[in-house]
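1. Let's see this in three dimensions:
(one chain, ligands or ions: 1)
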Amino acid sequence: MKLELRGITKRFGALTANDHIDLTIEPGEIHCLLGENGAGKSTLMNVLYGLYKAEEGEILLDDVVQHFAGPGDAMAAGIGMVHQHFMLIPVFTVAENVMLGHEKANAAGVLDLGAAREKVREISERFGFHVDPDALVDDLPVGVQQRVEIIKALSRDAKVLVFDEPTAVLTPQETDELMTIMRQLKAAGTSIVFITHKLREVREVADRITVIRLGKVVGEASPTATNAELASLMVGRAVELTVHKDPATPGADAFVVSNLSVVDPHGQLVVNNVSFDVRAGEILAIAGVQGNGQTELTEAIMGLQQRVRGEITLDGKSIRGLSVKQVLASGIGFVPEDRKEDGLVGEFTIAENLMLDRSDGPPFVKAGTLQLNYLKEFAEQKSKEFDVRSQGITTPVGRLSGGNQQKVVLARELSRDLRLFMAAQPTRGIDVGSIEFVHKRIVATRDSGIPVIVVSTELDEVVALADRIAVMYRGTIVGIVPGDTPRDVLGLMMAGEVPDSVISPPEGAAA
Ligand SMILES: Nc1ncnc2c1ncn2[C@@H]1O[C@H](COP(=O)(O)OP(=O)(O)OP(=O)(O)O)[C@@H](O)[C@H]1O
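-> Here you go, the predicted model:
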């Protein structure tokens, strides 16, 4: 089906998020939308899906003007959306989720779950999805849950599928599988709108690329364009895609984790006897496929896990057993991997989020009084420094684009009096220009003599930043290797294999 957006204009108060946008998606085309954080990509897709009403412009499907009062109308017309934060009910099966909102009764007037199961089976077979209709969604890996979303859309005969940053939560292997799925969908005639910040993915699958900046279409790019060309078209200036850093000059051990184990609330041993240290002035990256214990490890360090064994010390003092507030107060800056859930309060303003856990004393509160002038100045300066695009510091963070929300978290955590900086997926969802800035800030933090831990599932990020790399697999650290370790070796380690070259000689042995 051919999709045409003509002159779409969407305003939020004084802000024009979409400014007369024209976009055509041909049948069976993968069309990438590229643009920096806050450019207006998600807004445009929400207009297409009937979630927002545009002030101007029209949507045409196969040359017929559409009027969508809500997502129900958009779905009925053949538009499907695969959300980044899945809209599935975890305690329902795949078939029940696919049926939800679209329930059909059989001849006896009973809900026809059998038909829903058959539909899942049929679509799953057609595209080689390997999804069991009777599996509980909660038990499925993220990549498979995403396929359930795709099945759900296809079961409603979606002819245009929108993927808004679908790979942000996927492992590299799941990402590759998604790229294959997109190509199959395209071959079957589905039109695809694909939003991503990862230029490699764009170049891999895009038939056409449209670039949006500040709410306007600024041009088309060819899928054969280089990363540097795509980046500069997006951001409007040249972007340094590689991190320049001098060799580390690590000091003494500052942060030490010894024999740490974590048992999660389900009784599973999720971190198994992990030991590592981070020296002042070095970046230790913790690499690994998502779900191998990294999340629980960072949570244990932050005082967010209940059942923890082992020791954690910062500058020689134990921080194990401290509350989150005490851990933060001991000088740890922490960027959690899920900004919406753990990093921000959506209803609070940018300024309030920037002082979130610091409301009980100076500099934000003195003699029980909030220092409004100080907060205003601080928030304005940080917004500028971290390039948080908004209508002002009193904007609730829930209204910011995803990338700009991430920048608020980073701005807050990098503004503490730091003795350790620990960032999980620091650049998830942020555009190339901002990644450049964040990476520079992380290196500068290291160079100021602070120990830094970067937890990342992105091998590019790990290799760009790390002085040493600890690879986690099934709750253990399978090895700690130098920052310049070849990617294929890291890839093997991420799958749990330890190449001979990595096994360190016994202590005292000649190198
Ligand atoms: N509900 C809303 N109320 C007010 N402003 C909004 C709302 N939703 C989005 N905006 C604003 O519209 C602009 C475009 O945001 P949008 O989410 O479309 O950007 P994006 O291109 O998807 O960015 P990102 O790459 O960071 O996800 C931003 O300035 C954002 O703050």
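2. after the strand or helix carrying residue 376, next one along is what?
-> Remark: residue 376 resides in helix 372-385, with elements defined by DSSP states H and E. Where DSSP H and E defines the elements, the next helix or strand beyond helix 372-385 is helix 402-413.
3. still on that earlier bit, elements contacting the helix holding residue 376?
-> helix 350-354, helix 402-413 (3 or more C-beta pairs under 8 Å, 6 or more residues apart in numbering; DSSP states H and E). Every residue, glycine included, has its C-beta placed from N, CA and C.
4. after the last one, next one along is what?
-> Meaning helix 402-413. strand 420-424.
5. Whichever strand or helix holds residue 256 pairs with which strands, and in what direction?
-> Taking DSSP H and E as the criterion, residue 256 maps to strand 253-263. Strand 253-263 sits in its sheet next to strand 269-279 (antiparallel), strand 307-314 (antiparallel), going by DSSP bridges.
6. just to revisit the earlier point, C-alpha coordinates for the helix holding residue 376, CSV please?
-> Taking C-alpha atoms only, helix 372-385 is exported to CSV below (Å, rounded to 0.1, in the frame of the first residue of the first chain):
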residue,chain,number,x,y,z
LEU,A,372,14.6,28.6,43.3
ASN,A,373,17.0,31.0,41.7
TYR,A,374,19.9,28.5,42.1
LEU,A,375,17.8,25.7,40.7
LYS,A,376,16.7,27.8,37.7
GLU,A,377,20.2,28.8,36.9
PHE,A,378,21.5,25.3,37.4
ALA,A,379,18.8,23.7,35.2
GLU,A,380,19.2,26.3,32.5
GLN,A,381,23.0,25.9,32.4
LYS,A,382,22.7,22.0,32.3
SER,A,383,20.1,22.1,29.6
LYS,A,384,22.3,24.2,27.5
GLU,A,385,25.5,22.2,28.2
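7. Could you quantify the relative orientation of it and helix 402-413 as an angle?
-> Angle of helix 372-385 versus helix 402-413, following axes from the mean of the first three to the mean of the last three C-alpha atoms, to 10 degrees, is 130 degrees.
8. and helix 372-385, what's its mean pLDDT?
-> Averaged across helix 372-385, pLDDT comes to 95.
9. And stretch 348-368, by the same measure?
-> pLDDT averaged over stretch 348-368 gives 90.
10. Quick check: bridge partners of residue 194?
-> Applying DSSP bridges to residue 194, the residues it is bridged with are residue 32, residue 163.
11. mind listing the strands for the stretch 151-300 of the chain?
-> 160-164, 191-195, 208-213, 216-221, 253-263, 269-279, 283-287 (DSSP state E, counting those that start in this stretch).
12. For residue 114, see how far away the residue lying farthest from the centre of the chain is.
-> No residue in the chain sits farther from the centre than residue 108, which is 45.4 Å out by C-alpha atoms, centre = their mean. Using C-beta to C-beta, to the nearest Å, residue 108 is found at 11 Å from residue 114.
13. quick one: pLDDT of residue 491?
-> pLDDT at residue 491 comes out at 86.
14. That one: neighbour count?
-> 15 (other C-beta atoms under 10 Å).
15. Strand 283-287 and the host helix or strand of it, what's the angle between them?
-> When elements are assigned from DSSP H and E, residue 491 belongs to helix 487-494. Interaxial angle, helix 487-494 versus strand 283-287 (the same axes, to 10 degrees): 60 degrees.
16. Helices of the stretch 1-150 of the chain, start to end?
-> Using DSSP state H, counting those that start in this stretch, the helices of the stretch 1-150 of the chain run over 41-48, 71-76, 94-99, 113-127, 142-155.
17. looking at it, residue 478 is touching residue 498, isn't it?
-> Yes: contact status for residue 478 versus residue 498: in contact at 5.4 Å, counting by C-beta atoms under 8 Å.
18. So those two - more neighbours on which side?
-> Higher neighbour count among residue 478 and residue 498: residue 478, with 20 against 15, using other C-beta under 10 Å.
19. Identify the residues contacting the more buried one.
-> 471-472, 493, 496-498 (C-beta atoms under 8 Å, 6 or more residues apart in numbering).
20. Next to the ligand, which bits of the stretch 251-400 of the chain? Give me the list.
-> Counting by C-beta under 6 Å from any ligand atom, the positions of the stretch 251-400 of the chain adjacent to the ligand are 389-390, 399-400.
21. ok, the closest residue to residue 130 other than its chain neighbours - contacts?
-> Distance criterion C-beta to C-beta, 6 or more residues apart in numbering; nearest residue to residue 130, sequence neighbours excluded, is residue 124 at 6.7 Å. Contact analysis of residue 124 by C-beta under 8 Å, 6+ apart lists 130-131, 133, 147, 151.
22. among those, who's most crowded?
-> residue 151 (25 neighbours).
23. Run a quick check on that residue versus residue 130, I expect a contact.
-> No: the criterion here is C-beta under 8 Å, and residue 151 misses it with residue 130 at 11.3 Å.
24. Let me have the helices and strands packed on helix 372-385 in a markdown table, adding distance to residue 270 as columns.
-> Output for those, formatted as a markdown table (distance: least, C-beta to C-beta, whole Å):
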| stretch | distance to residue 270 |
| --- | --- |
| helix 350-354 | 29 |
| helix 402-413 | 24 |
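25. Spit out the contact partners of residue 497.
-> residue 478.
26. Which secondary structure state does it sit in?
-> Here residue 497 is coil, with the state taken from DSSP: H, G, I helix; E, B strand; the rest coil.
27. circling back to that earlier point, which one of the residues of the stretch 251-400 of the chain next to the ligand has the most neighbours?
-> Counting neighbours by other C-beta under 10 Å, the top entry in these is residue 400, with 23 neighbours.
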